[in-house]
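[1] got a structure for you, letters missing:
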Ligand code: HMG
Ligand code: MG
């Protein structure tokens, strides 16, 4: 039934890799996406059209998008959607420039015939605190929202009428303001983004500081503000090991979309012990234990997690992945 279906958004190729300091070859990134597509994941965040000075690792996102359009990966699920962050008009235009080179991929009449053609989504990202907005976007919350208004409407007006995701970072804790994040502020930013036309809000617990009671408090506050569960995704980082506990709270509340990262990729190399997003393997295992349907093959995704960990020289950060593989 619909209520048992959970949508997982794989963010490993973007959130998982963006902080890696070593150069990861384009081919490895593409192979990661192709392997993920074979596990049953149908939503994959594949890159980021941001300033290469800020996030050098995402510099080859145009090549990734171009490749995905030229040779769409064989996938277990259909259709596939690939997302790319685009925080400003420049980012959106760089994304559109790639799409324009592949007009046939988007011809409306093709859509019905070839369900394997990938859909493309962009994502804007706001913050719940002023200090994080300044550090991440070099601007205030309100100025970022004004900027997103243009990005969102342009994305919708293109011939591709792109789907748009709206992240809100630091919703349950901020590296600069600690636990002092106001849930009403989150509700205001979410409402503003939804009014601008975003198709989904992803609530980012960027620091992993979220706890079960605070997750519940936040979701209750959003509900009181009139925000519907079907417009929400949860984006938990597992730094304090609370991601699945918080996931359980959100699931109970009625949210059905969750972000995760294969092998728990991510985290800051300068902060020992800090981890990335909740691992996709852990998420799939947890959902299966509750009888929820993710459409993702646990063994296959565990294999991808082990493969990519080796490729980038990291320990596999997924407990379930290691257990399943006996590693
Ligand atoms: P700025 O420096 O204020 O921008 O940065 P600017 O407009 O003054 O431009 C400065 C330079 O950047 C110019 O180049 C622009 O052309 C260039 P120059 O003239 O100096 O040679 N530039 C760009 N280049 C390529 N693509 C672009 C772009 N925009 C400007 N899109 C800006 C503002 C938003 C660009 C910058 O702050 C930025 O790129 N920030 C990105 C930060 C980022 O990617 N953070 C990680 C993703 S968010 C996240 O991880 C959280 C999430 O996972 C959820 C969660 O866990 O909470 C989503
Ligand atoms: Mg994140």
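    Arrived safely. Since the structure is predicted, the reported quantities are computational estimates derived from the model, not experimental observations. Residues are numbered from 1 along each chain as shown. Ligands and ions are numbered 1, 2, ... in the order given.
[2] Now do the contacts for whichever residue of the stretch 101-250 of the chain sits closest to ligand 1.
    Per Cβ to the nearest ligand atom, residue 204 is where the stretch 101-250 of the chain lies closest to ligand 1, at 2.4 Å. All C-beta atoms are positioned from the backbone trio N, CA, C, and that covers glycine. Residues counted as contacts of residue 204 (Cβ atoms under 8 Å, 6 or more residues apart in numbering) are 125, 167, 168, 169, 170, 171, 235, 237.
[3] and it, what element?
    strand 200-205 (DSSP states H and E).
[4] Quick one: mean pLDDT for that strand?
    Strand 200-205 comes out with an average pLDDT of 98.
[5] Just checking: what are the partner strands of it?
    Here strand 200-205 has these sheet partners by DSSP bridges: strand 163-169 (parallel), strand 232-236 (parallel).
[6] related to what we said a few turns ago, and of the contacts of residue 204, the nearest to residue 226?
    residue 168 (16.0 Å; Cβ to Cβ).
[7] hmm, back to that, tell me the buried residues in the helix or strand following the strand holding residue 204?
    As assigned by DSSP H and E, the chain's next helix or strand after strand 200-205 is helix 212-224. Judged by neighbour count using 16 or more other Cβ atoms under 10 Å, the buried positions of helix 212-224 are 214, 215, 218, 219, 221, 222.
[8] picking up where we left off before, show me which of the contacts of residue 204 neighbour ligand 1.
    125, 167, 169, 235, 237 (Cβ under 6 Å from any ligand atom).
[9] By neighbours, which of the residues you listed wins?
    Neighbour counts for the ones next to ligand 1 among the contacts of residue 204, by other Cβ atoms under 10 Å, peak at residue 237, which reaches 27 neighbours.
[10] That residue and residue 173 touch, don't they?
    No: in this structure, residue 237 is not within contact of residue 173 by Cβ atoms under 8 Å, at 9.8 Å.
[11] list the residues that contact both of those two?
    205, 206, 207, 208.
[12] Next, the contact list for residue 4, please.
    Per Cβ under 8 Å, 6+ apart, neighbours of residue 4: 291, 292, 293.
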